[in-house]
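> Here is a sequence together with a model predicted from it:
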Amino acid sequence: MSRIAYFGPRGTFTEQAARRLAPDGALTPAETILAALAAVREGAADAACVPVENSVEGPVTATLDGLAEGPPLVAVAEELLPVHFSVLVRSDLADTAEIRTVASHPHALAQVRQWLAARLPNARHVAASSTAAAAVAVQRGEYDAAVTAPVAAEHYPLRELATEVADVPDARTRFVLLRPPGELPAPTGADRTSLVAAAANRTGALAELLTELAGRGINLTRLDARPTKGNFGEYRFFIDIEGHVAEPRIGDALAALRRRCDVRFLGSHPRADGVPATIQPGAENEAFERATNWVAAVRAGTLA
Ligand SMILES: O=C(O)C(=O)Cc1ccccc1
């Protein structure tokens, strides 16, 4: 049975995602995203499940930074979860006017800001390490309310003050299952490839990388910049593209990027939404294969 470390404690959205990504796995909560990644790097777990991006708040920076640094890990699968929240309080809370503090993961607080302003206008917002960690803190009496995943109510003896809370009704979070480099999932035609590129800090460097992709008719699904933390103003770029590294057009593009700068491969796997890759006319895998075969024939002298 696969040992899966997930961003916990019990009752996080990430636990829900991990259950779907590894239904037969033995799930163990890790206190932070970095601890989940470390469990795999140290061999204590076979895979880690962590959030990577949200449709409202954007990138989960702890995941991005954790993947850019340290021993390499690659995403082998992803899950897209609709995100709506429950607001949990202690069962002895008499009146919502008593709620002075509301805790949650910063991504969760950002997605219920309007609801909190309307319903709990006097509550101070406190960042917790995860939505479930906020529930634990409410249980301990540290805070008055927690914004959590719906499943948290099953794990912690708290009262649901509200459910289905979301400022943006169809918000989603994407989670990935990460393993040490090894065999890649087979291409399906609806795949995502993730990279981190250390573009040089000079005029046009990022544009050159993007031009390599655009010129091969490859569509981007995400572009995030994160500071390298070394020199102020120096960034690394997280690039997600449609397609799988096993495809000739994607392999050709990755080789072109690698010629230009350091590239870390973060995985090729099926997209959770099943959306097939958009491929420009003339940029099909067959076109790349035909061109490669033509060069081979020219070299071999079998073609004029
Ligand atoms: O804290 C959690 O429950 C997580 O899994 C991270 C998260 C937080 C907010 C929205 C989606 C995921």
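Right, received. Where do you want to start? The shown structure was predicted, so the numbers you read here are calculated from the model rather than taken from an experiment.
> now the helices for the stretch 151-300 of the chain?
When assigned using DSSP state H, counting those that start in this stretch, the helices of the stretch 151-300 of the chain occupy the ranges 152-155, 205-215, 248-260, 285-300.
> So which of those is nearest the ligand?
Between the ligand and the helices of the stretch 151-300 of the chain, the tightest spacing by CB to the nearest ligand atom is seen for helix 152-155, at 7.9 Å. Every residue, glycine included, has its C-beta placed from N, CA and C.
> tell me what that closest one is packed against?
With contacts defined as 3 or more CB pairs under 8 Å, 6 or more residues apart in numbering; DSSP states H and E, the packing partners of helix 152-155 are strand 85-89, helix 131-139.
> and the last one, C-alpha only, in CSV?
What follows is the C-alpha trace of helix 131-139 in CSV, where atoms were taken according to Å, rounded to 0.1, in the frame of the first residue of the first chain:
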residue,chain,number,x,y,z
THR,A,131,-8.1,25.2,7.6
ALA,A,132,-8.0,22.1,9.9
ALA,A,133,-5.3,23.6,12.1
ALA,A,134,-7.8,26.5,12.6
ALA,A,135,-10.5,24.1,13.7
VAL,A,136,-8.0,22.5,16.2
ALA,A,137,-7.2,26.0,17.5
VAL,A,138,-11.0,26.8,18.0
GLN,A,139,-11.5,23.5,19.8
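> can I get the helices of the stretch 151-300 of the chain in TSV with mean pLDDT?
Written out in TSV, the entries for the helices of the stretch 151-300 of the chain read as follows (pLDDT from 0 to 100):
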stretch	mean pLDDT
helix 152-155	94
helix 205-215	96
helix 248-260	97
helix 285-300	96
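> Make a markdown table from these and add mean neighbour count and distance to residue 94 to it.
As requested, the helices of the stretch 151-300 of the chain are exported to a markdown table (neighbours: other CB atoms under 10 Å; distance: least, CB to CB, whole Å):
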| stretch | mean neighbour count | distance to residue 94 |
| --- | --- | --- |
| helix 152-155 | 18 | 20 |
| helix 205-215 | 16 | 56 |
| helix 248-260 | 17 | 59 |
| helix 285-300 | 12 | 65 |
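> Got phi/psi on the residue of the stretch 201-304 of the chain found nearest the ligand?
Distance from the ligand to each residue of the stretch 201-304 of the chain (CB to the nearest ligand atom) is smallest for residue 272, at 14.4 Å. Backbone torsions of residue 272, given as degrees, to the nearest 10, read phi -70, psi -30.
> So it sits against residue 174, correct?
Yes: under the criterion of CB atoms under 8 Å, residue 272 makes contact with residue 174 at 6.9 Å.
> How about the residues of the chain by the ligand?
7, 12-14, 51, 54, 83, 105, 107-108, 130-132, 149, 173 (CB under 6 Å from any ligand atom).
> one more time with 8 Å, if that's ok
By CB under 8 Å from any ligand atom, the residues of the chain that approach the ligand are 7, 11-17, 51, 54, 57, 60, 81, 83, 85, 104-105, 107-108, 111, 128-134, 148-149, 152, 173, 175.
> Just the residues you listed: which are in helices?
Counted as lying in helices by DSSP state H, out of those, are 13-17, 107-108, 111, 131-134, 152.
> which one of those residues sits closest to residue 253?
When these are ranked by distance to residue 253 (CB to CB), residue 17 comes first, at 28.9 Å.
> Nearest residue to that closest one in space, please, no chain neighbours.
Closest residue to residue 17 in three dimensions, ignoring its sequence neighbours and counting by CB to CB, 6 or more residues apart in numbering: residue 175, at 3.6 Å.
> and the one you found, how many neighbours does it have?
By the criterion of other CB atoms under 10 Å, residue 175 has 27 neighbours.
> same question, residue 29
19.
> in a helix, that's where it is, yeah?
No: with DSSP: H, G, I helix; E, B strand; the rest coil as the criterion, residue 29 is assigned strand and is not in a helix.
> What residues does it make contact with?
Residues touching residue 29, when contacts are defined by CB atoms under 8 Å, 6 or more residues apart in numbering, comprise 5-10, 12, 15.
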